[in-house]
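Undergrad: Any chance you could fold what I've pasted below:
(chains A and B, ligands or ions: 5)
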Amino acid sequence: MTSEQTAKFEIVAREDFSDATYLLEVYHPLMAKAARPGQFVIVMAHEHAERIPLTIADYDTAEGTITLVIQAVGKSTREMQQTCTVGSRLHGIVGPMGMPSPLGQAKKVLCVGGGLGVAPIYPQARGFKEAGAYVIAVIGFRTNSLMFWQDKFESCCDEVIVCTDDGSAGIEGRVTAGMELAIGRHADIDECVAIGPPIMMKGAADVTRPHGIKTMVSLNPVMIDGTGMCGGCRVKVGGQVKFACVDGPDFDGHQVDFDDLMSRLGRFSEQEKSAMKRWSESCRMAQQVPDAEPSGPDPEK
Amino acid sequence: MAKKKTIRTIPQERTPVAEQDPQERVTNFAEVSHGYSNEEALLEAERCLMCPEQPCVAGCPVSVNIPGFIQKLSDKDYRGAYDVITSTNLLPAVCGRVCPQENQCEGVCTVADTLEPVAIGRLERYVGDMAITADWVNLPYVEPADFRVGIVGAGPAGMACAADMAKAGCEVTVFEAFHESGGVLRYGIPDFRLPNEVIDAEMGNLEKLGISFECNTLVGRLFTIEQMIDELHFDTVFIGTGAGYPSMLGVPGDSLNGVLSANELLTRCNLMHAKEFPDYDTPMPPARRVAVVGAGNTAMDAMRVCLRLGAEEVFCVYRRSRTEAPARAEEVHHAEQEGIRFKWLTNPVEILDDGQGGVRGMRCVKMELGEPDDSGRRRPVPVAGSEHDIDVDLVVVAIGTNANPIIGQTSKLSLNKWGYIETDENLATSMPGVFAGGDIVTGAATVIEAMGAGRKAAGQMKQYLGIRDIDVPYRLEGADTLFGIDQRERNFVRIRIPA
Ligand SMILES: Cc1cc2nc3c(=O)[nH]c(=O)nc-3n(C[C@H](O)[C@H](O)[C@H](O)COP(=O)(O)OP(=O)(O)OC[C@H]3O[C@@H](n4cnc5c(N)ncnc54)[C@H](O)[C@@H]3O)c2cc1C
Ligand SMILES: Cc1cc2nc3c(=O)[nH]c(=O)nc-3n(C[C@H](O)[C@H](O)[C@H](O)COP(=O)(O)OP(=O)(O)OC[C@H]3O[C@@H](n4cnc5c(N)ncnc54)[C@H](O)[C@@H]3O)c2cc1C
Ligand code: SF4
Ligand code: SF4
Ligand code: FES
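TA: Ligands and ions are numbered 1, 2, ... in the order given. Sure thing, here's the model as predicted:
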């Protein structure tokens, strides 16, 4: 059954940050109005596609658009990298899903984004700034050429610390190094928000734990419906089972069982590899994309 | 009319239905039951005693006029039979297939006192299927009303409510979170029990009533119930978002990668076509030896899906005995025929780790039935020292669901202590103009009960809007006039009369 809305999910802008990371702006006025920092959508690129969750990296009520920043890691995201051109339409996009991030009463906030997590941390940083907090952003990339949105952060944060693994921009090291630096400078940080690959969020939570700084992380387990119906997205937080799509995706980083999350992210790795292999073989364009070996979203960051 | 039938004069045996051979069918997703042929249907129709007191009708949650439609069937007035059924039940081909008839209409059939009950469900399916093949549609004459009705959730409850409101002339929009409509019919119940074409055909008829569908719409998050009234200007709203939020086992090993809910397994397989992976992108977890915990319809569906996906051995692990199994009798029977290994009176205590995040087995205890509990069923208690392991690599959990939290999280509606939406006996919620029904009110129930709730709510919504009804005949397809219709043969629809 095709609804009228299906025809509306048009991609109105696109930007490529690197050969693996791209930005899409999708026209969906109601969603642009409803979206809040921390929420996500589920996208189906075409009729045979899987449902993949993507964070709402930005939204513009005036233009009626939402922004997605996507890293091409496997079949679905690589295929979208090729097919999602300006003027094309998505088969489905539903959201905004999940609980909005609680932008509490914090006065001084550390917003940490690693790799792709840089995009979804942006609306949070902006939200905190609008709520009157002093905002320090720590954004980390593998290398200079993968960097994006530094200017956007500079326009809404009080301080921006860029980290690169190879020192090609900002300070050399992971985001945890940038966090140590910020915490060293400001003893009064009362909240930290960290988004990125699980291993990075785990590292970030370890940095703040001895300082007793409340730390929220955004979890990214495998999802299907995103409405609390399947339980595929369950995570362990403080010893309890939670469904990330309706109870989260933000949770207290000091309570999250990251090892459980990382293990569950590998649930379908065999099938993902075979889908990727089959797709690259069937698709000559794909063979021009370097590094066709699928991997989790940049585990290094 | 023919001379009165008695229990002695009717065919004594319930007419059997042809089914795909069990060995064959576990290799495909085609429908198990072929349904009655014309001769079989007429023969089975002979078995109805046309009881004046109609106990079967009272047993049906939407009061289908059972002897009425069976009479038409016997008279070979198939279209008439269809009209009789669809005046109360909009989805006969669906309900004939999935209703737990033994607890509803057939359970109280007079014939069942002595013999096997009349196969009401199979007859209903026969008529429903015939309508699909012949493409019959009953488009009612509708007096337009200036009311806008919003329906949340395109499951049986929402669809039934939508259809009644459309027939009352309202402008109806159904909002559905998934990319397709149908609710559990689509994502839960597999093809071999309810083919997609049947859902498409019967749901498609509802669309012809002029209902518009907005899929990919998560109500509560894209807009709230309050906004539906205040900003989107719906005059009345019905919530039929179903149950959801599956319970997990809560035993050690619960979050291992080889453990998933039946809802997840079935959604992957049915809605997302994982059975056709890699033609469709959604993958299925690998399953060689499977344990499904639970013995309801959901559990039976999950087991039989696993078999069809190539599992070598599938166990059903249930803490009570076969008598207490909540699934439709026919499903348990079919599952047995297909070679499911039932482990009644068995309960899991731990899921065993294979050292790589996967499952290598499940530790169980034997149970015995003790004193009756609140539900009146005898409470199962573990037998000391009966621990044993079964060798499985996938565990599917089908032990029930809790309330879906989204509407509760995002609106001011009152919920009961379990999180289901609270309504009065007229299905009105705590918010004026907002009604609710189906699994989100009662907890997991049946398709026809959900449809019944949708229709009941529609009645109340019409009253709330001040729509008063009278009966008028259906318009024949293609005819511009209401006249010339044989009123005895045609169904009636209610329309509004000015107050
Ligand atoms: C709440 C949430 C927000 C997310 N936001 C973003 C985002 O803004 N940008 C972005 O690029 N990615 C985001 N992701 C991850 C993104 O959904 C996955 O990268 C994508 O599904 C991978 O699909 P694939 O076929 O390209 O790769 P695959 O080869 O299928 O998988 C690569 C890895 O992605 C993960 N993954 C696979 N399928 C899913 C699924 N259905 N749901 C979640 N994870 C999956 C697994 O860890 C897997 O190992 C988010 C995930 C979640 C849960
Ligand atoms: C596997 C399985 C097998 C079953 N077998 C049988 C059977 O054989 N016979 C029988 O009688 N019953 C059976 N049942 C039970 C029956 O299917 C349900 O009782 C019935 O479908 C409930 O109908 P409903 O309309 O209340 O909800 P659902 O069918 O659950 O539909 C609810 C719909 O609302 C949508 N929704 C949820 N939240 C939102 C939101 N916030 N915004 C928009 N849309 C939303 C959902 O996506 C869904 O499509 C079975 C159930 C399952 C799970
Ligand atoms: S709708 Fe279900 S319960 Fe009612 S008569 Fe038909 S099969 Fe029986
Ligand atoms: S109770 Fe049985 S025999 Fe009597 S009318 Fe109903 S279906 Fe026929
Ligand atoms: S994605 Fe299905 S419950 Fe969260």
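Undergrad: C-alpha only now, for contacts and for neighbours.
TA: Noted.
Undergrad: Check the separation of the first and last residues in stretch B:288-302.
TA: Separation of the first and last residues of stretch B:288-302 by C-alpha to C-alpha, to the nearest Å is 14 Å.
Undergrad: So is it next to ligand 2?
TA: Yes - Stretch B:288-302 is in contact with ligand 2 by C-alpha under 6 Å from any ligand atom, via B:297-298, B:301.
Undergrad: hmm, who's touching that stretch?
TA: B:188-190, B:262-263, B:265-266, B:303, B:306, B:310-319, B:325-328, B:331-332, B:335, B:348, B:391-399 (C-alpha atoms under 8 Å, 6 or more residues apart in numbering or on different chains).
Undergrad: Do a quick rundown of the strands in the stretch 201-301 of chain A.
TA: A:214-218, A:234-237, A:240-243, A:250-252 (DSSP state E, counting those that start in this stretch).
Undergrad: Return the most buried member of the ones you listed.
TA: strand A:214-218 (a mean of 24; mean count of other C-alpha atoms under 10 Å in any protein chain shown).
Undergrad: Parallel or antiparallel, which strands does that one pair with?
TA: strand A:191-195 (parallel), strand A:250-252 (antiparallel) (DSSP bridges).
Undergrad: and these as JSON lines, adding distance to B:V381?
TA: Formatted as JSON lines, the strands paired with strand A:214-218 follow (distance: least, C-alpha to C-alpha, whole Å):
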{"stretch": "strand A:191-195", "distance to B:V381": "46"}
{"stretch": "strand A:250-252", "distance to B:V381": "37"}
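Undergrad: want to try a markdown table for those strands, with mean pLDDT and distance to ligand 2 as columns?
TA: Putting these into a markdown table (pLDDT from 0 to 100; distance: least, C-alpha to the nearest ligand atom, whole Å) gives the following:
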| stretch | mean pLDDT | distance to ligand 2 |
| --- | --- | --- |
| strand A:191-195 | 93 | 26 |
| strand A:250-252 | 92 | 20 |
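Undergrad: Between the two ends of stretch A:161-169, how far is it?
TA: Terminal-residue distance, stretch A:161-169 (C-alpha to C-alpha): 10 Å.
Undergrad: B:T217 reaches A:G95, doesn't it?
TA: Yes - here B:T217 reaches A:G95: they are 7.1 Å apart, a contact under C-alpha atoms under 8 Å.
Undergrad: Tell me the spacing between B:F29 and chain A.
TA: For B:F29, the distance to chain A equals 19 Å [C-alpha to the nearest C-alpha, to the nearest Å].
Undergrad: Surely that residue is in a strand?
TA: No - residue state for B:F29 (DSSP: H, G, I helix; E, B strand; the rest coil) corresponds to coil; a strand is not indicated.
Undergrad: Can you pull the residues of the stretch 51-200 of chain A lying near ligand 1?
TA: A:51-55, A:69-78.
Undergrad: wait, which of those is closest to A:G239?
TA: A:P53 (24.8 Å; C-alpha to C-alpha).
Undergrad: The closest one pairs with what?
TA: Bridge pairing for A:P53 - DSSP bridges - gives A:I42.
Undergrad: Kindly report the same for the one 5 residues further on.
TA: When bridges are assigned using DSSP bridges, the partners listed for A:D58 are A:T67.
Undergrad: if I read this right, it contacts A:Y122, doesn't it?
TA: Yes - counting by C-alpha under 8 Å, A:D58 touches A:Y122, with 7.4 Å between them.
Undergrad: The two - which one has more neighbours?
TA: Higher neighbour count among A:D58 and A:Y122: A:Y122, with 26 against 22, using other C-alpha atoms under 10 Å in any protein chain shown.
Undergrad: Find the helix or strand that the more buried one is a member of.
TA: For A:Y122, the element it lies in under DSSP states H and E is helix A:118-130.
Undergrad: how far does that helix sit from the chain's center?
TA: Here the centre of helix A:118-130 is set off from its chain's centre by 12 Å, with C-alpha atoms, centre = their mean, to the nearest Å.
Undergrad: Does anything pack onto it? Which helices or strands?
TA: Counting by 3 or more C-alpha pairs under 8 Å, 6 or more residues apart in numbering or on different chains; DSSP states H and E, the packing neighbours recorded for helix A:118-130 are strand A:58-60, strand A:108-114, strand A:134-141, helix A:150-156, strand A:191-195.
Undergrad: any idea which of those is most buried?
TA: The stretch of those with the highest mean neighbour count (mean count of other C-alpha under 10 Å) is strand A:134-141, at a mean of 29.
Undergrad: Which strands and helices lie in contact with it?
TA: So strand A:134-141, by 3+ C-alpha pairs under 8 Å, 6+ apart, packs with strand A:108-114, helix A:118-130, strand A:159-164, helix A:175-185.
Undergrad: Give me the average confidence score over it.
TA: Averaged over strand A:134-141, pLDDT sits at 91.
Undergrad: List of residues touching it?
TA: A:107-115, A:118, A:125, A:128-129, A:147, A:153, A:157-165, A:174-175, A:178-179, A:182, A:301.
Undergrad: try stretch B:226-241
TA: Contacts of stretch B:226-241 (C-alpha under 8 Å, 6+ apart): B:147-155, B:157-158, B:161, B:225, B:404, B:411, B:433-440, B:454, B:457, B:461, B:465.
Undergrad: Show me how chain B divides into domains.
TA: B:22-134, B:148-244+B:403-465, B:261-401 (automatic domain parsing).
Undergrad: check which helix or strand covers the residue in the stretch 51-200 of chain A positioned nearest to chain B.
TA: Distances between the stretch 51-200 of chain A and chain B by C-alpha to the nearest C-alpha are smallest at A:V94, namely 4.8 Å. A:V94 belongs to strand A:92-97 when elements are defined using DSSP H and E.
Undergrad: Number of residues surrounding residue 55?
TA: This is for chain A. So A:T55, with other C-alpha under 10 Å, has 24 neighbours.
Undergrad: Oops, wrong one, chain B.
TA: With other C-alpha under 10 Å as criterion, B:P55 counts 16.
Undergrad: before we move on, back to that, which two of the residues of the stretch 51-200 of chain A next to ligand 1 have the greatest separation?
TA: A:T55 and A:K75, at 18.3 Å, using C-alpha to C-alpha across those.
Undergrad: Does stretch B:239-250 reach ligand 5?
TA: No - Stretch B:239-250 does not reach ligand 5 (C-alpha under 6 Å from any ligand atom); its nearest approach is 6.6 Å.
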